[in-house]
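S.K.: Following is a predicted model, sequence given first.
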Amino acid sequence: MLIVLLGPPGAGKGTQAERIVNDHNLAYISTGDILRTAVKEDTPLGSKAREYMDQGQLVPDHLVVEIVRERLQEPDCSKGALLDGFPRTVDQAIFLDQMLPDISQKVDQVLLINVDEEELVERLTGRRVCSDCGANYHVKYNPPAVRNVCDQCGGDLYQRDDDSLETVKERLEVYKKQTEPLVKFYQDKGIISYIDGNKNIGEVFDQINSALNSL
Ligand code: ADP
Ligand code: AMP
């Protein structure tokens, strides 16, 4: 089973992904996380990707497609996977469709999480992430028990460089121009489930579970 999480930055994809992979026993693939690790470790991929990420732009398709192709070959993906933040362009979606038969998979369902724009800005600028395990928090909506300390592993929380107000606005524009066309692409295939992401974290998860259980 292969599930794609689609939606603007800040819609809650990472937050829901953590819960979905636990409940549905899927491998987790977040291209954003993989790219951030590459930047942190200053690998050749990281040095190519950094500039785009800092500016809120998409990393070129050929780099991202290779990451996913390699990741999908790993053994844990044989049980199925949840893709978060990929595909992000129609070309990436076409590449994905071409690589999936090699591993006997297809995209089974796309969960489209939509959230009002004002709320997206609020969520992204208030987001805090654990520097050790990557868990997501929000200063107001989902704070840790102890300020700036991860509930799950005790790691330090930080604010992503691209969560500044200026870069957030750019990322939302990039989403509209380059990623939103994917909605029609998957609508035409009849595999989209619409999730109202404006609700609280638990209510969003309930909608996702209903969508997945109706597969
Ligand atoms: P994405 O992966 O789509 O960019 P995240 O899952 O990182 O989004 O969520 C963005 C921010 O919004 C995080 O700080 C997260 O804690 C918070 N958040 C996620 N879902 C909700 C929700 N339903 N209500 C309020 N805040 C949320
Ligand atoms: P995310 O963690 O999903 O918000 O992604 C953070 C950043 O990583 C994006 O703003 C892009 O610069 C880059 N990125 C992540 N996934 C992709 C993708 N599928 N295609 C291009 N760039 C990506």
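M.R.: That came through, no problem. Ligands and ions are numbered 1, 2, ... in the order given.
S.K.: List, one by one, the residues from the protein near ligand 2.
M.R.: Contact residues (C-beta under 6 Å from any ligand atom) of the chain with ligand 2: 9, 31-32, 35, 52-53, 56-59, 64, 85-86, 88, 92, 162, 171. From N, CA and C alone the C-beta is placed, and that goes for glycine too.
S.K.: switch to 8 Å and redo it
M.R.: With C-beta under 8 Å from any ligand atom as the criterion, the chain comes near ligand 2 at residues 9, 13-14, 30-33, 35-36, 49, 52-53, 56-61, 63-64, 68, 84-89, 92, 160, 162, 171, 174.
S.K.: now these: which count as buried?
M.R.: Buried residues within the residues of the chain next to ligand 2, counting neighbours by 16 or more other C-beta atoms under 10 Å: 9, 13-14, 30-33, 35-36, 49, 53, 56, 58-59, 61, 63-64, 68, 84-89, 92, 162, 171, 174.
S.K.: from the residues you listed, which are also near ligand 1?
M.R.: Restricting those to those near ligand 1 - C-beta under 8 Å from any ligand atom - leaves 9, 13-14, 30, 32, 84-85.
S.K.: I figured Leu165 was touching Thr125, is that so?
M.R.: Yes - between Leu165 and Thr125 a contact is recorded at 5.8 Å, counting by C-beta atoms under 8 Å.
S.K.: quick one: which of those two has more around it?
M.R.: Per other C-beta atoms under 10 Å, whichever of Leu165 and Thr125 has more neighbours is Thr125, with 16 against 9.
S.K.: pLDDT score for the residue of the chain found nearest ligand 2?
M.R.: Residue nearest to ligand 2 within the chain (C-beta to the nearest ligand atom): Gly32, separated by 2.0 Å. Looking at Gly32, its pLDDT stands at 96.
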